[in-house]
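Enquirer: have a look; sequence and predicted model below, questions after that.
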Amino acid sequence: MQDWKLSRRFFAAVASAPIAWLFLFFVLPMAIVWGYSFGRNVGLTEIEISGTFANYGKALEPLYLEIMLKSVVVAAITTAICFVVGFPVAMAIAFARDKWKPWLLLLIMLPFWTNLLIRTYALLFVLGGRGLVNSGIEHLYNGTSLVSQLLGFGAFDPYQPVQLLYNNFALILGLVYVHLPFMVLPLYAALDRLDKSLIEASLDLGAGHWKTITRIVIPMAMPGILSGLLITFVPALGAYLTPDLMGGTDSQMIANVIERQFKRANDWPFGAALSFLLLYATFILIALQALRSRKEARQ
Amino acid sequence: MPEPIIEIRNVIKRFGNLAAVDNVSLTIHKGEFFVLLGPSGCGKTTLLRMLAGFELPTEGQILIDGQNMSMVPPNKRPVNMVFQSYAVFPHMSVADNVGYGLRIARTPKSEIGDRVQEALSLVQLGGLGERMPDQLSGGQRQRVALARSLVMKPKVLLLDEPLSALDAKLRAQMQFELAEIQSKVGITFITVTHDQDEALSLADRIAVMNKGQIAQLATCSDIYEYPANRFVADFIGSVNIFEGRMVIDEPERAEIHCPELGRVYLNHGVTGPHGSNLWVAIRPEKITLCKPGQAAPKDSPEGTNHADGVIRGMSYLGDITIYEVELPSGRRIRVSRTNLSRFDQDDFTWDDPVSLHWHPTSPVTLLS
């Protein structure tokens, strides 16, 4: 392929449109919001950019730090569960027959292509008080109750639906459900590249499957695992819809707080400061990962 | 009687409708260097992988040291394998690679250190234990793979195309070294290769495989000098094969008429029905090339068989020259000639008429 430097004009022609787009609709608005984070409200819609750090100071108050910390913990738990669930799935796809692989990958991708709102409402329907899970359990419960009645032990009390929604359990379940493909795809890419004879060599030298996975497969797939963890953690940290729709009153994450600043609280400068704190945290994580992979490439 | 270490009994391996290994039975002896030789797709690698346990036979049994291996997974078998790609673990140092199996087996630490050093010096990598695999050459990586297997003291060592990825010089050196290591450790070696030179230089016995079956199982010289059929004769070395019909068959003498070559005289009997079709195989180095009329006299043993022809092709290889001689029938026959002096290769050139003669013991008769 020709180096773009050799035909600058062609490169300029091709690249100017996307660069203009990115500048107008990404860099510029972000810069404005970044500016707001150093401002203060003067009146209902007017913001004066005064260069104050007060918003950042407010963001570091215990109330918001606690929510920030909770968001990190929730995202970390989500990422960990996604890894535990996603790793065997990725292994299974990587070791499936070649003609099956595209179909199995499609099964992973399919929900990914469906609107997030629709998927979340589907999950609400499954987990709700009159949802699929509860009515399934209710049928079993009533059946058992009937048998108990027939046997003369008397009927059970009326069925009380299990609370599956609007709590932290629902929040994490929802987040895992939404973010699993983010984990499976990079893991699959890493495992599929793995030289299968390394696994055979490990078995040949006496290691069982578990030891082969912990000592050969995981270390070899580590770059893919780390990028899978990062790619899952970052969107989970910024999740908004799932905690809003599935979480309880104590399941708020940082994105919900940010949203409130821009809407109900009408405190744009503070919302901007919170947004950028989240953004900085994400940047640091991505930078660390980039540094690590560059170090690896140099070796 | 040599003691058997591996017995393969009527093993069949099918992939879908294709029988990669088609009813193979053979016995491999303790301490021998055994080579499975054949073209790609002949089933030799599948057979090796069944010994390692990575494939299971569709039918038949494999016994290693008297034990049936049907239900034994690869990590419980008393065999180790050196992979074609070497499969050296890239995230471990050389010493950690070699010690991997011992650590898995929970060998005491002090013993691991000693045995790793011992194995590394056996493959002449004594000082390189701390290196990482990406700092090694291909040949060194192969030695790591070899040491990693040998350190386990397996009953049988399996090698998949051990020399195929090395350059010619290194390959020649490694051939001798493998043979030396094998005699030093006394472990049974089983090698898979498609390279006949590699097979002949390494093996005590060779099994030539074709289309999932064993075409011949014999020592190196028997495979070369007494091939069992046309496939083996043609696969090992270079050979001229002529179709013919038996005209005289006595205990001490036989004559075969080959339409493309003429009469071929043998000083021994041939098994097979009189008048039946068969094939005569003559190796290029067993034919002598002379100026016309200078062939050995008809009554001497060397001169029993005669042919005339014209040189149509030459390929000078330094130590020998290979000539393609066109016979009166139009068929070409390949003759090789050792360049004994620094000048005698000048004696023959394109389009020269020549005489050929060969000994009555030289031709091999093949029934299939």
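Expert: Done, it's in. Numbering: from 1, shown residues only, chains lettered A, B, ... in the order given.
Enquirer: which residues does the residue in the stretch 51-200 of chain A that chain B sits nearest to contact?
Expert: Proximity of the stretch 51-200 of chain A to chain B (C-beta to the nearest C-beta) peaks at A:S197, 4.1 Å away. Using the backbone N, CA and C atoms, a C-beta is placed for each residue, glycine as well. Contacts for A:S197 were tallied using C-beta atoms under 8 Å, 6 or more residues apart in numbering or on different chains; they are B:83-85, B:87.
Enquirer: please repeat the previous calculation with a cut-off of 6 Å.
Expert: Shown in contact with A:S197 (C-beta atoms under 6 Å, 6 or more residues apart in numbering or on different chains): B:83, B:85, B:87.
Enquirer: again with B:M174
Expert: The contact partners of B:M174, taken as C-beta under 6 Å, 6+ apart, are B:L163.
Enquirer: let me know how buried A:L110 is, in neighbour terms.
Expert: Neighbours of A:L110 under the rule other C-beta atoms under 10 Å in any protein chain shown: 10.
Enquirer: mind listing what's buried along the helix or strand that contains it?
Expert: If you go by DSSP states H and E, A:L110 is part of helix A:101-112. By 16 or more other C-beta atoms under 10 Å in any protein chain shown, the buried positions in helix A:101-112 come out as A:104-105, A:108.
Enquirer: who does the helix or strand following that helix touch, helix- and strand-wise?
Expert: Scanning forward in sequence from helix A:101-112 by DSSP H and E, the next helix or strand is helix A:116-127. Helices and strands touching helix A:116-127, as assessed by 3 or more C-beta pairs under 6 Å, 6 or more residues apart in numbering or on different chains; DSSP states H and E, comprise helix A:241-246.
Enquirer: how about the helix it packs on as PDB, C-alpha atoms only?
Expert: Provided in PDB are the C-alpha atoms of helix A:241-246 (Å, rounded to 0.1, in the frame of the first residue of the first chain):
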ATOM      1  CA  LEU A 241     -30.300   3.300  30.900                       C
ATOM      2  CA  THR A 242     -29.900   0.000  32.900                       C
ATOM      3  CA  PRO A 243     -29.600   1.600  36.400                       C
ATOM      4  CA  ASP A 244     -32.400   4.000  35.500                       C
ATOM      5  CA  LEU A 245     -34.900   1.300  34.400                       C
ATOM      6  CA  MET A 246     -33.800  -1.700  36.300                       C
END
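Enquirer: grab the most central residue of the chain for me.
Expert: Just so you know, I chose chain A. A:A236 (3.0 Å; C-alpha atoms, centre = their mean).
Enquirer: how about the nearest residue to that residue once chain neighbours are set aside, secondary structure?
Expert: Using C-beta to C-beta, 6 or more residues apart in numbering or on different chains and skipping the chain neighbours, the partner closest in space to A:A236 is A:A75 (4.0 Å). Counting by DSSP: H, G, I helix; E, B strand; the rest coil, the backbone at A:A75 sits in helix.
Enquirer: isn't A:A75 right up against A:T232?
Expert: No. Using C-beta atoms under 6 Å, A:A75 is not in contact with A:T232, being 8.3 Å away.
Enquirer: neighbour count winner among the two?
Expert: For A:A75 versus A:T232, the count of surrounding residues by other C-beta under 10 Å is larger for A:T232: 30 against 23.
Enquirer: need the contact list for the more buried one.
Expert: For A:T232, the contact set (C-beta under 6 Å, 6+ apart) comprises A:79, A:82, A:179, A:182-183.
Enquirer: report the buried residues of the helix or strand containing A:T78.
Expert: Per DSSP H and E: A:T78 is located in helix A:62-94. For helix A:62-94, a neighbour-count test (16+ other C-beta under 10 Å) marks A:64, A:67-68, A:70-72, A:74-75, A:77-79, A:81-83, A:86-87, A:89-91, A:93-94 as buried.
Enquirer: quick check: pLDDT value at the most centrally placed residue in chain B.
Expert: Taking C-alpha atoms, centre = their mean as the criterion, B:A199 is the residue nearest the geometric centre of chain B, at 2.9 Å. For B:A199, the model assigns a pLDDT of 91.
Enquirer: from what I see, it and B:V35 are in contact.
Expert: Yes. B:A199 lies in contact with B:V35 (C-beta under 6 Å); the separation is 4.5 Å.
Enquirer: run through the chain and note the low-pLDDT ranges.
Expert: All of this is about chain A. A:1-5, A:299 (pLDDT under 70).
Enquirer: actually, chain B is the one I wanted.
Expert: B:1, B:272-275, B:345-346.
Enquirer: and it, which residues reach chain A?
Expert: Chain B comes close to chain A at residues B:54, B:74-75, B:80-81, B:83, B:85, B:87, B:91, B:100-101, B:104-105, as judged by C-beta under 6 Å from any C-beta of the partner chain.
Enquirer: how about a cut-off of 8 Å?
Expert: When proximity is defined as C-beta under 8 Å from any C-beta of the partner chain, chain B approaches chain A at B:52-54, B:73-76, B:79-81, B:83-85, B:87, B:89-91, B:100-101, B:104-105, B:134, B:145, B:148-149, B:152.
Enquirer: from these, which ones fall inside strands?
Expert: B:79-81 (DSSP state E).
Enquirer: how about these in a markdown table, adding neighbour count and distance to A:V162?
Expert: Listed next are these as a markdown table, based on neighbours: other C-beta atoms under 10 Å in any protein chain shown; distance: C-beta to C-beta, whole Å:
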| residue | neighbour count | distance to A:V162 |
| --- | --- | --- |
| B:V79 | 25 | 54 |
| B:N80 | 27 | 54 |
| B:M81 | 29 | 53 |
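Enquirer: now, among these, which is nearest to chain A?
Expert: B:M81 (5.0 Å).
Enquirer: excluding chain neighbours, what is closest to the closest one?
Expert: B:L158 (4.2 Å).
Enquirer: what strand or helix carries that neighbour?
Expert: Assessed by DSSP H and E, B:L158 sits inside strand B:156-160.
Enquirer: so what touches that strand?
Expert: B:5-6, B:28, B:45, B:48, B:51-52, B:64, B:78-84, B:149-150, B:178, B:187-192.
Enquirer: can you say which of those are buried?
Expert: By 16+ other C-beta under 10 Å, the contacts of strand B:156-160 give B:5-6, B:28, B:45, B:48, B:51-52, B:64, B:79-84, B:149-150, B:178, B:187-192 as buried.
Enquirer: tell me the domain boundaries of the chain?
Expert: I'll assume chain A. Domain assignment for chain A by automatic domain parsing gives A:1-31, A:37-128+A:164-298.
Enquirer: other chain: chain B
Expert: Using automatic domain parsing, the domain parsing of chain B gives B:4-78+B:154-234, B:92-146, B:238-366.
Enquirer: from one end of stretch B:22-39 to the other, what's the distance?
Expert: 15 Å (C-alpha to C-alpha, to the nearest Å).
Enquirer: for it, which residues meet the burial criterion?
Expert: For stretch B:22-39, by 16+ other C-beta under 10 Å, it's B:22, B:24, B:26, B:28, B:31-38.
Enquirer: how far off centre is the longest helix belonging to chain B?
Expert: When chain B is parsed with DSSP state H, its longest helix is helix B:168-185. Distance of helix B:168-185 from the chain centroid (C-alpha atoms, centre = their mean, to the nearest Å) equals 15 Å.
Enquirer: quick check: angle from that helix to strand B:156-160?
Expert: 170 degrees (axes from the mean of the first three to the mean of the last three C-alpha atoms, to 10 degrees).
Enquirer: in what helix or strand does B:Q216 lie?
Expert: Assessed by DSSP H and E, B:Q216 sits inside strand B:213-219.
Enquirer: repeat that for B:E255.
Expert: Assigned by DSSP H and E, B:E255 falls in strand B:253-258.
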